[in-house]
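Trainee: 3D, please:
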Amino acid sequence: MRTGAAGRSAAPAQVALAWLLEQGKRLGLAVVPIPGTRKTHRIDENLGALSLDLTRAQLEALDQAADAVVGSRSADPSWVSQGRE
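Mentor: Numbers count the residues shown, from 1 in each chain. Have a look, this model is predicted:
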């Protein structure tokens with residue numbers, strides 16, 4: 001994310017949120033990323049993702065980074081928690 005943010009005047013969290021919003025557009029879904037924060041000033045920062053337009057090259061780079069993530073993922077998008085109760 002830092003590489004994606006470096007070419008823009010955006011925080012890594014803004015780039016991540018903008019990428020998530022773009023995923024919803026690509027899939028034709030209403031997507032509402034819900035970032036967690038402990039600091040109130042981060043709320044305004046996170047809102048900046050709404051006005052961040054990522055280029056096709058940036059989206060492709062972020063897609064590749066997402067594809068490299070490994071770990072437990074649920075194939076069922078309706079899951080609520082995966083052993084965190």
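
Trainee: For this structure, give me the ranges with low pLDDT.
Mentor: Scanning the chain for pLDDT under 70 picks out the ranges 1-8, 73-75, 77-85.

Trainee: again, 90 this time
Mentor: Where the chain drops to pLDDT under 90, the residues are 1-9, 29-38, 69-85.

Trainee: So which residues of it form helices?
Mentor: Using DSSP state H, the helices of the chain run over 2-6, 12-27, 41-47, 56-67.

Trainee: Ok, which of those comes nearest residue 76?
Mentor: helix 12-27 (16.3 Å; CB to CB). The way it works is simple: take the backbone N, C-alpha and C, and place the C-beta from them, glycine included.

Trainee: Surely residue 49 is in contact with residue 14?
Mentor: Yes. Judged on CB atoms under 8 Å, residue 49 makes contact with residue 14 at a distance of 4.4 Å.

Trainee: re earlier: what's the most buried one of the helices of the chain?
Mentor: helix 12-27 (a mean of 17; mean count of other CB atoms under 10 Å).

Trainee: That one packs against which elements?
Mentor: Contacts defined by 3 or more CB pairs under 8 Å, 6 or more residues apart in numbering; DSSP states H and E place helix 12-27 against helix 2-6, helix 41-47, helix 56-67.

Trainee: got the angle between that helix and helix 56-67?
Mentor: 100 degrees (axes from the mean of the first three to the mean of the last three CA atoms, to 10 degrees).

Trainee: so who does residue 17 touch?
Mentor: 33, 35, 46, 49, 52 (CB atoms under 8 Å, 6 or more residues apart in numbering).

Trainee: Specify which member of those is nearest to residue 76.
Mentor: So of the contacts of residue 17, ranked by how close each gets to residue 76 (CB to CB), first place is residue 33, at 19.6 Å.

Trainee: measure the nearest residue to that closest one once chain neighbours are set aside to residue 46 for me?
Mentor: Distance criterion CB to CB, 6 or more residues apart in numbering; nearest residue to residue 33, sequence neighbours excluded, is residue 20 at 4.3 Å. Residue 20 sits 11 Å away from residue 46, going by CB to CB, to the nearest Å.

Trainee: Noted, bye for now.
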